[in-house]
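Participant: next one to model:
(chains A and B)
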Amino acid sequence: MKTIMKSGILTAAAVVLSASLAAPVFARDLTVVSWGGNYQDAQRGIYFKPFSEKTGKPVLDEAWDGGIGVIQSKVKAGAPNWDAVQVEAEELALGCADGLYEKIDWDKMGGKDKFLDSAVNDCGVGAIVWSTAIAYDGDKLKEGPTSWVDFWDVEKFPGKRSLRKGPKYTLEFALLADGVSKDELYDVLSTEEGVARAFKKLDELKPHIVWWESGAQPLQFLASGEVAMASAYNGRITGINRSEGKNFKVVFPGSIYAVDSWVVLKDAENKDAAQDFIAFASLPEHQAKLPEFVAYGLPNKEAAAQVPAEFAKDLPTDPANMTDSISLNVDFWIDNAETLTQRFNAWLAQ
Amino acid sequence: MSAGSSRTGRSLLLLAPLLLFLIGFFVWPLFSMMSQAVSDPAVLRLLPRTAEVVVDWDRKSPPTMPMQTALMEDLRTVDDDQALGDMVRRLNSARSGFRTLMSKTTSALEDTANPPADLISIDKRWEKPEFWLAIADALSPLTDRNLLAAVDLGRNSAGEIEHLPAEQSVNRVILVRTFWIAALVTFTCACIGFPYAIIAASLTGWKRDLMLAAVLLPLWTSLLVRTAAWFILLQEQGLINDLLRWLGLIDAPLPLIFNRTGVIIAMTHVLLPFMVLPIYSVLITIPNNLMPAAASLGANPLRAFLRVLLPLSLRGVASGGLLVFISAIGYYITPALIGGPGDQMISSIIAFYATGSANWGMAGALGVVLLIATLHLYSVYARLSAEEQGRR
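Facilitator: Next up, the predicted model:
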């Protein structure tokens, strides 16, 4: 009995030992990270799976919620466990300046001139153009809001509002509601008086605001009737309309658009495969399939031209939607995000 | 002698996995968090020449030419992008604007064919003493800046400690709120958990098993799932409000979500097992003939409870309370999902600094404040329970 147990323990130890020794032999599969939800479902169908079939190797996909700290901790720990990541514009700018990303091989991507200017960066390739806009339920509000002034008007449109918790977008929207024109927006916000003015305007709406943190929340609030209108990512709104037969409306005038980009983490194990993947996902024939599932604009010019008209009208890049919308000022936010978040938190806690 | 030491050696060997675990997962992370909070090498490491020159500066006037030349020299020799990033983040955190200023400056300095004469010709902002002040204040390898900021204090330009302006003061309010919410949750947990444990301990057989299972099953369910379930129950069109309206008890929905009430309800439910189980484990060790004995000596049930059962079970209540309180002050996801903006606890601020802005110094400093507060509470508890032991 004793010998059996002993040999059992030895075998177990041998198995554990050999497993831990053998582990580095199995290379990690290419890991692609995006924003989750119905957007990532669509990406899986049109990018991840076809790429895996083409190369004959598995592609792992994970979701994240952003934050430059997440990327920094992965890269600084050495051997990050993610390869290609889709990041927001500030994360691209911050991480590129801090050396957290590999440089993009633009020849592999087919040349910089194939893309919109705002989608070209030393460290990133634009993946989508997306927009944060007012959303409301068209079945509940027949006459909907048309601007941020309406969003602030709780007499004309009774009910709660939902905004993304944080100063980014919120301060811009407050100034727009206070009558600042879109061309002067960031000039005003760059001054101390402008920031104070934005917070003063937010004071008015504060008792009516339910704050959201993840992109799916504003849609749940709208669907449950918790709020009358919300700021939301435009792709999610169109997505839920198509998948769940809702009649949510997007108000493009006064919306703020930005470019999300693919990056490759510095010294990632599969950095070459990650560049191949990004090139694959940037090909017009693949990218053009995206708007059918989520209404995000396409940075590859050729792909944008191939989108059928019925889907093109919902995209932030559609000329009609573009006229009165605003481009996010990335430089302003990489300089001021920390101080303004501190101030926003202090305002919130009052 | 040698047999004794070899036995010690062998028992140490047996302890080795535990010690390694404690060092790897407890001591080292705590130590690195605390050192992040006070160490500040990012700027000094890259700007040695500037550090030498800036001592002679009067901290008020525009930068002198030697300061500018030294900084340009320093920046030209930097070849580590990540170290540069650390420095820029540290400076931008002290003074907004360094991000764009530095990227403009470094790319201008890379242009060797056409070298800029001084920094001011690259960007007018270099003229302003504020930016140089931020550099001058970041040149010491150790700093109390983060720890002070964690409790809303800062140093003015003369180096004296003073309160930060109101629009930057948030941590103290949120720390007080964190402790207040944790205290409320501990109190409600004790109010529900104590009677529950008494009933469970007084029962036998399947009834006791059922009551314990009712406590343990939620404990094995993911925190996120339970919080989401409360979200569904508490919302305006949720089950609770619908039921109350159907019963005709209320006309308008009760505000149960996005406020303190909802946070307390959900956190109490989540943390209740940590109160019930310690009390229960103390109660079952109390001989069950004590209460009848008290009654036979003429005590009414209330008196018997107050004089016999309560003092004997107080140790369980205290350890349950401590467990609940210490878990509650670190709560993040429940206040974020169920609470309103006025219910966010200190973890949400720590999370912002750790993942949002990658300012690990601030995250570490807030962690240190939380750790010190917890240790204080624990020492109070330890003293109380020591007195209890001594009295016996």
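
Participant: just give the nearest non-adjacent residue to the residue of the stretch 151-300 of chain B found nearest chain A, would you?
Facilitator: The nearest approach of the stretch 151-300 of chain B to chain A comes at B:Val170, 3.9 Å away (CB to the nearest CB). (Glycine included, C-beta is placed from N, CA and C.) Spatial nearest neighbour of B:Val170, chain neighbours left out: A:Ala346 (3.9 Å); criterion: CB to CB, 6 or more residues apart in numbering or on different chains.

Participant: compute the distance between that neighbour and A:Thr323, please.
Facilitator: Using CB to CB, to the nearest Å, A:Ala346 is found at 36 Å from A:Thr323.

Participant: the two - which one has more neighbours?
Facilitator: A:Ala346 (21 against 9; other CB atoms under 10 Å in any protein chain shown).

Participant: flag every buried residue along stretch A:171-179.
Facilitator: Using 16 or more other CB atoms under 10 Å in any protein chain shown as the test for burial, stretch A:171-179 gives A:171-178.

Participant: which one of those is nearest to chain B?
Facilitator: The nearest member of the buried residues of stretch A:171-179 to chain B, counting by CB to the nearest CB, is A:Leu171 at 13.2 Å.

Participant: which parts of chain A sit against chain B?
Facilitator: Neighbours of chain B within chain A, by CB under 8 Å from any CB of the partner chain: A:67-70, A:72-73, A:75-76, A:94, A:97-100, A:165, A:209-211, A:213, A:224-226, A:331, A:334-339, A:341-343, A:345-349.

Participant: go with 6 Å
Facilitator: A:67-70, A:72, A:97-99, A:210-211, A:224-226, A:331, A:334-336, A:338-339, A:342-343, A:345-346, A:348-349 (CB under 6 Å from any CB of the partner chain).

Participant: for PyMOL, write a command that selects the buried ones of those.
Facilitator: Selection of buried members from the residues of chain A next to chain B for PyMOL, criterion 16+ other CB under 10 Å:
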select buried, chain A and resi 67+68+69+70+72+97+98+99+210+211+226+331+334+335+336+338+339+342+343+345+346+348+349
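
Participant: list the ones among the residues of chain A next to chain B that fall in strands.
Facilitator: When DSSP state E is applied, the residues of chain A next to chain B are split such that A:210-211 fall in strands.

Participant: low-confidence stretches in chain A?
Facilitator: Where chain A drops to pLDDT under 70, the residues are A:1-26.

Participant: do that again at 80, thanks
Facilitator: Residue ranges of chain A with pLDDT under 80: A:1-26, A:350.

Participant: all strands of chain B, in order?
Facilitator: B:153-155, B:161-163.

Participant: want to try CSV for those strands, with mean neighbour count and mean pLDDT as columns?
Facilitator: Converted to CSV, the strands of chain B look like this (neighbours: other CB atoms under 10 Å in any protein chain shown; pLDDT from 0 to 100):
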stretch, mean neighbour count, mean pLDDT
strand B:153-155, 16, 88
strand B:161-163, 11, 89
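
Participant: how about the residues of the stretch 201-350 of chain B near chain A?
Facilitator: B:236-237, B:258, B:341.

Participant: can you report how many residues lie near residue 260?
Facilitator: By default, I'm working from chain A. The burial count for A:Asp260: 23, using other CB under 10 Å.

Participant: look at chain B instead
Facilitator: The number of residues near B:Arg260, taken as other CB under 10 Å, comes to 17.

Participant: equivalent analysis for B:Leu142, please.
Facilitator: When neighbours are counted by other CB under 10 Å, B:Leu142 registers 10.

Participant: and it, how far is that from chain A?
Facilitator: 21 Å (CB to the nearest CB, to the nearest Å).

Participant: look up which residues are beta-bridged to that residue.
Facilitator: B:Ser39 (DSSP bridges).

Participant: quick one, helices of the stretch 101-250 of chain B?
Facilitator: B:129-136, B:145-150, B:171-202, B:205-219, B:223-234, B:239-246 (DSSP state H, counting those that start in this stretch).

Participant: and the shortest one, what does it pack against?
Facilitator: To tie it back to what came earlier, the one meant is helix B:145-150. When contacts are defined as 3 or more CB pairs under 6 Å, 6 or more residues apart in numbering or on different chains; DSSP states H and E, helix B:145-150 sits against helix B:360-391.

Participant: pull out the buried positions in stretch A:262-280.
Facilitator: Those would be A:262-266, A:268-271, A:273-280, for stretch A:262-280 by 16+ other CB under 10 Å.

Participant: strands - which of those land there?
Facilitator: Using DSSP E, the buried residues of stretch A:262-280 in strands are A:262-264.

Participant: domains of chain A?
Facilitator: A:24-130+A:259-319, A:131-257+A:326-349 (automatic domain parsing).

Participant: dump the ones you listed to JSON lines, plus distance to B:Ala382.
Facilitator: Putting the domains of chain A into JSON lines (distance: least, CB to CB, whole Å) gives the following:
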{"stretch": "domain A:24-130+A:259-319", "distance to B:Ala382": "35"}
{"stretch": "domain A:131-257+A:326-349", "distance to B:Ala382": "33"}
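
Participant: out of the ones you listed, which comes closest to B:Phe352?
Facilitator: The minimum distance between B:Phe352 and the domains of chain A falls on domain A:131-257+A:326-349, with 6.4 Å, by CB to CB.

Participant: gap between that closest one and the chain center?
Facilitator: 16 Å (CA atoms, centre = their mean, to the nearest Å).

Participant: span of it from start to end?
Facilitator: End-to-end distance of domain A:131-257+A:326-349 (CA to CA, to the nearest Å): 28 Å.

Participant: give me the neighbour count for B:Ser222.
Facilitator: 8.

Participant: for it, grab phi and psi.
Facilitator: B:Ser222 has phi and psi values of phi -60, psi 140 when expressed as degrees, to the nearest 10.

Participant: for A:Asp122, state which of the ones in strands among the buried residues of stretch A:262-280 is nearest.
Facilitator: A:Val263 (10.3 Å).

Participant: so what's B:Arg95 up against?
Facilitator: B:130-131, B:134 (CB atoms under 6 Å, 6 or more residues apart in numbering or on different chains).

Participant: show the buried residues in those residues.
Facilitator: Buried by 16+ other CB under 10 Å: B:131, B:134, out of those.

Participant: let me have the contacts of B:Arg95 in a markdown table, adding distance to B:Leu210 as columns.
Facilitator: Converted to a markdown table, the contacts of B:Arg95 look like this (distance: CB to CB, whole Å):
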| residue | distance to B:Leu210 |
| --- | --- |
| B:Glu130 | 67 |
| B:Phe131 | 68 |
| B:Ala134 | 63 |
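
Participant: distance to chain A and pLDDT added to the contacts of B:Arg95, as TSV?
Facilitator: Formatted as TSV, these follow (distance: CB to the nearest CB, whole Å; pLDDT from 0 to 100):
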residue	distance to chain A	pLDDT
B:Glu130	13	90
B:Phe131	12	93
B:Ala134	12	91
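
Participant: for the contacts of B:Arg95, which one is nearest B:Gly320?
Facilitator: B:Gly320 has its nearest neighbour among the contacts of B:Arg95 in B:Ala134, at 48.3 Å by CB to CB.

Participant: pretty sure A:Val32 is in a strand, no?
Facilitator: Yes: counting by DSSP: H, G, I helix; E, B strand; the rest coil, A:Val32 is found in a strand.

Participant: pretty sure it contacts A:Asp61?
Facilitator: Yes: using CB atoms under 6 Å, A:Val32 is in contact with A:Asp61, at 5.0 Å.
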